[in-house]
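Engineer: Give the three-dimensional model of this entry:
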Amino acid sequence: MMRARGFTLIELLVAMAIFAIISVLAMGGLNTFITQQTLAQQNLQQLAELQRTVRMLTWDFAQLYPRPVRDELGSSTQAALVAADNNDYFLRLTRGGWRNPAGLKRGTLQRVQYRLEERQLIREYWPVVDAPLGMEPRSEVLIAGVEDLLIEYLDAEDQWNQQWPPLRLLGAQNVPQPRAARITLQLDGWGEIERLVEMTP
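Structural biologist: The predicted structure follows:
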């Protein structure tokens, strides 16, 4: 008759050590997978924000409408496109093609402005072109992590200008709109992104 033989203490300790090592390796692999998945989701989200930002800028420039606007008091007008180093905004324009799927009683033109605040690119618009006194724009953050944003405008003499209207045309009547806009966006983790937008005359 054979006697039943169990595990010795040393064999149990070796088995437990092997199990512990396998568990640590498995946990490390799981943590790496979760980290990689989180980074991939963050990158996909930032890519979607970047694509949407470029798309919004492209649409606004491509649908630039040559309609100046009256100020809040109605005493003076502002050009259809104004781009300058301003504390409140760096770009303001009138665009057409504002869709109206609900059939509301409003126009198809829209006054839009862009500004940078705390490394965020913010797009704002007014529901009417000639903003009445005290009307606040509707605001939306397009993308965060903006290191720098440069927009240049191509004039009729094939010169790029960072300001519009150009200095030589300030105060002139019937300033023509730019032929194109060049957008250079510097983002955290993405580097420099450039987009050229043609403007319809």
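Engineer: what about the closest residue in space to residue 165 that isn't next to it in sequence, neighbour count?
Structural biologist: Of all residues not flanking residue 165 in the chain, residue 175 sits nearest, at 4.5 Å (CB to CB, 6 or more residues apart in numbering). (C-beta placed from N, C-alpha, C; glycine too.) Using other CB atoms under 10 Å, residue 175 has 18 other residues around it.
Engineer: now that we're looking at residue 175, which residues does it contact?
Structural biologist: By CB atoms under 8 Å, 6 or more residues apart in numbering, the contact set of residue 175 is 79, 165, 169.
Engineer: Give the ChimeraX command for selecting the buried subset of those.
Structural biologist: Buried residues among the contacts of residue 175 (16 or more other CB atoms under 10 Å), as a ChimeraX selection:
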select :79,165,169
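Engineer: From the contacts of residue 175, pick the one nearest residue 158.
Structural biologist: For those, the residue nearest residue 158 by CB to CB is residue 169; the value is 15.1 Å.
Engineer: what pLDDT does the closest residue to that closest one other than its chain neighbours get?
Structural biologist: Leaving out its chain neighbours, the residue that sits closest to residue 169 by CB to CB, 6+ apart is residue 175, at 5.1 Å. For residue 175, the pLDDT comes out at 74.
Engineer: Where does residue 175 sit: helix, strand or coil?
Structural biologist: coil (DSSP: H, G, I helix; E, B strand; the rest coil).
Engineer: ok, back up a step: and the residue nearest to residue 165, how close does it get to residue 83?
Structural biologist: Plainly put, residue 175 is 12 Å away from residue 83 if you go by CB to CB, to the nearest Å.
Engineer: wouldn't residue 141 be in contact with residue 124 here?
Structural biologist: No. Residue 141 is not in contact with residue 124 according to CB atoms under 8 Å; the separation is 10.3 Å.
Engineer: what about these two, which has more around it?
Structural biologist: Taking other CB under 10 Å, residue 141 and residue 124 do not tie; residue 124 has more neighbours (17 against 13).
Engineer: partner residues bridging that one?
Structural biologist: residue 113, residue 139 (DSSP bridges).
Engineer: from the contacts of residue 175, which is closest to residue 88?
Structural biologist: residue 79 (16.0 Å).
Engineer: and that closest one, how far is that from residue 196?
Structural biologist: Distance from residue 79 to residue 196, by CB to CB: 22 Å.
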